[in-house]
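In: make a model of this:
(one chain, ligands or ions: 1)
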Amino acid sequence: MSAPRGQFSSKLGFILAAAGSAVGLGNIWGFPTQTASNGGAAFVVVYFVLAFLLAYPALMAELIIGRHARANVVTALGSISRNRLTHWIGTGVGYYGVIIASLILSFYTVVAGWMLAHWFDPIADVLGMSAASEWLTTNSVSRNLLAGGLFALVNMWIIARGIENGIERWSTRLMPMLLAILVLLIIYVLTRPGAMEGLTVYLVPDWSRVTEPGLIIDALGQAFFSLSLGVGTMLVYGSYLSKQENLPGIGVIVTLVDTSIAFIAGLLIIPSIYVAKHYGTKIFTETGELIAGPDLIFQVLPTLFESMGAIGLLVAFAFFALMTIAAVTSSISMLEVPVSTAVEQTGMSRPRATYLIGSIIFAISSLLIFNFPALFVFVIDLTTKYSEPLLGVAFCLFAGWVLHRDKLLAELREGSPQVEKGLFWKIWPAYVRVFCPILILITFFHSVSG
Ligand code: PHE
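Out: Modelled structure (predicted):
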């Protein structure tokens, strides 16, 4: 029983949607703060190398399986299998991916709710509503439920509208906006006193740290999360891509956009921290580390905005708009994973599946809000640290071993007829079968035992 499938209407639409999924809080918040606490530009270099060496091949595995099977993650992994055992394992891996994507969305919604509340705060300030402003910026169960709930509704509203009218349309509108806000904010912050000190911390590498296993593990985890890998997101987006497109080329563009936006987000966040320092804000923890968690976004940066006077309200408004937009285009891609599965497995209508599943996921978000931070931290670790890399290995193994070599080549040839003459085909198939899974596993066991 299958409902008619949607499709992206253009290559640009697909690239913006996939880049929108990849570019999220992981780029704008995670990447710059990881860089600052891991030896500055040395981390940036390791991250770029790992993103292209390990994350790009895994991204290709997902895109190829998805476009080949033209189905949700469960059906796709099940249907490319040649025997009962791999069919059964593939279906299991697919369901596990659906669960992990949903759990990532459940905590992402909570964080996005914080961003949304802070986005509204400057408006409350301008209108002189000080009680509202106080409520919006104070961490409380009621605020987190309402703001997270509003964010979840926006997310469901977009996904209910489908691929072209929902995902593609909104990614195409929001991504250029995101880039414009990011660039304007960077230009403004770099002209503030103290910014140059931050730029130095960010861009002068401390090479002595490059060989630390901790740094490599952090960079790999960051690369997987940032490219939305391991949970079937890119697989399902790939399943809506036209057969005419050249997959290896599109994968390179998406990886480049994601890593570049992470890099330029660093040009905003790290200098901002040092501008705040210039104005007397404490930016280091008791143990001498740079403040990186929620305190950075919701305490250090707001004191910076306040020090800017009236224009600070505008800057705060733009900054939290940026964060919210980045979160929306990523969240829709997470919700698409369970929704596409439900629609195609049960024949339920898309809007119905969306609002049903979206509500269940928001119920989980509410549990996280009520049990903050213990359950929240547990879910983040379970999904990003333990599940994403292992699922990434599974996708590589399925693309490398289960999907037949001839089928792989046939799939790639449709959009790039000369593919077997190129570098990609010479390296990638062996790479994704053996090197990628081994390297990901080594890094994973290092991090689990460390
Ligand atoms: N890539 C997103 C980010 O950087 C997060 C994400 C993970 C999105 C997994 C979809 C799936 O914030």
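In: test my guess that Arg350 contacts Ile158.
Out: No: at 11.7 Å, Arg350 does not count as touching Ile158 under the criterion of CB atoms under 8 Å. To be clear about C-beta, it is placed using only N, CA and C from the backbone, and glycine gets the same treatment.
In: tell me which of those two has more neighbours.
Out: In this view Arg350 and Ile158 are compared by other CB atoms under 10 Å, and Ile158 has more residues nearby, 23 against 19.
In: quick one: contacts for the closest residue in space to that one that isn't next to it in sequence?
Out: Nearest residue to Ile158, sequence neighbours excluded (CB to CB, 6 or more residues apart in numbering): Gly166, at 4.6 Å. Neighbour list for Gly166: Ile158, Ile159, Ala160, Ile332 [criterion: CB atoms under 8 Å, 6 or more residues apart in numbering].
In: what's the neighbour count on the second one?
Out: So the one you mean is Ile159. 28.
In: in whichever helix or strand it is part of, what's buried?
Out: Ile159 belongs to helix 141-160 when assigned by DSSP states H and E. Neighbour counts over helix 141-160 (16 or more other CB atoms under 10 Å) mark 143-149, 151-152, 154-160 as buried.
In: and what of stretch 271-285?
Out: Pro271, Ser272, Ile273, Tyr274, Val275, Ala276, Lys277, His278, Thr281, Ile283.
In: quick one: contacts of stretch 71-78?
Out: Against stretch 71-78 from outside (CB under 8 Å, 6+ apart): 65-66, 68-70, 79, 87, 90-91, 93-95, 97-98, 232, 235-236, 239, 337, 340-341, 343-345, 398.
In: do the same with stretch 365-385
Out: With CB under 8 Å, 6+ apart, stretch 365-385 has contacts from 100, 103-104, 106-107, 109-110, 141, 144-145, 148, 152, 221, 225, 231, 447-448.
In: which residue packs closest to Ala195, ignoring adjacent ones?
Out: Pro271 (4.0 Å).
In: quick one: pLDDT of the closest residue to Thr281 other than its chain neighbours?
Out: Using CB to CB, 6+ apart and skipping residues adjacent in sequence, the residue nearest Thr281 is Thr303, 4.7 Å away. Thr303 is assigned 89 on the pLDDT scale.
In: just give me the neighbour total for Thr303.
Out: 15.
In: contact partners for it?
Out: Applying CB under 8 Å, 6+ apart, the residues near Thr303 are Ala276, Tyr279, Thr281.
In: of the contacts of stretch 365-385, which belong to helices?
Out: 100, 103-104, 106-107, 109-110, 141, 144-145, 148, 152, 221, 225, 447-448 (DSSP state H).
In: filter the residues you listed by proximity to the ligand?
Out: Restricting those to those within reach of the ligand (CB under 6 Å from any ligand atom) leaves Ile104, Phe225.
In: circling back to that earlier point, max pairwise distance over the contacts of Gly166: which two?
Out: Spanning the widest gap among the contacts of Gly166 are Ala160 and Ile332, at 10.5 Å by CB to CB.
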